[in-house]
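Visitor: Make a model of this:
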Amino acid sequence: MNVAMTVKRRAALAVAAVAAATAMIGATPAHADSLCNVNQNTWVRNAPNGAVLYTIPAGGGFRLLWTEASGWSYGHGNSRPNGYIPAGHLYGCH
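Guide: Now for the predicted structure:
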């Protein structure tokens, strides 16, 4: 095996590893199981930009399970079904 080919293979593997790690960032919980509040009346949806399930009033609580790279957060209001809200509506997560 020639040296140039070995260097190219190592470079290709490094690029693939970085790409795989970057892809996993969006799937990994950003603030797994945090309690947050919403900064305005917020619709909880069944999917990003999907049908509205219910509304959390401004200042209400939201149990954040994860945030996706698309800017949507997944979780639920107090004893309510899980759904998606815009991540920008959250504050005070702990």
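Visitor: Where do the helices of the chain begin and end?
Guide: Taking DSSP state H to define them, one finds helices in the chain at 3-25.
Visitor: Find the least confident helix or strand in the chain, judged by mean pLDDT.
Guide: Ranked by mean pLDDT, DSSP states H and E, the weakest helix or strand in the chain is helix 3-25, scoring a mean of 50.
Visitor: Going by neighbour count, list what's buried in the longest strand seen in the chain.
Guide: What stands out as the longest strand in the chain, according to DSSP state E, is strand 61-67. For strand 61-67, the neighbour count (16 or more other C-beta atoms under 10 Å) marks 62-67 as buried. (Each C-beta comes from the backbone N, C-alpha and C, glycine too.)
Visitor: for it, packing partners?
Guide: Here strand 61-67 touches strand 34-38, strand 72-76, going by 3 or more C-beta pairs under 8 Å, 6 or more residues apart in numbering; DSSP states H and E.
Visitor: pLDDT of the last one, averaged?
Guide: The one in question is strand 72-76. Mean pLDDT, strand 72-76: 97.
Visitor: Adjacent strands (with direction) for it?
Guide: For strand 72-76, the pairing partners within the sheet under DSSP bridges are strand 61-67 (antiparallel), strand 82-86 (antiparallel).
Visitor: contacting residues around it?
Guide: For strand 72-76, contacts defined as C-beta atoms under 8 Å, 6 or more residues apart in numbering pick out 30, 36, 44, 48, 62-68, 82-87, 90.
Visitor: Please parse the protein into its domains.
Guide: Domain segmentation of the chain under automatic domain parsing yields 1-25, 34-91.
Visitor: And the last one, end to end?
Guide: The distance separating the two terminal residues of domain 34-91, taken as C-alpha to C-alpha, to the nearest Å, comes to 11 Å.
Visitor: quick one: Thr42 and Gly88 touch, right?
Guide: No - between Thr42 and Gly88 there is no contact under C-beta atoms under 8 Å: 9.9 Å.
Visitor: Next, count neighbours for Pro48.
Guide: By the measure other C-beta atoms under 10 Å, the count of residues near Pro48 is 15.
Visitor: so it touches Ser70, yeah?
Guide: Yes - at 6.0 Å, Pro48 counts as touching Ser70 under the criterion of C-beta under 8 Å.
Visitor: I'm done for today, thanks for sticking with me.
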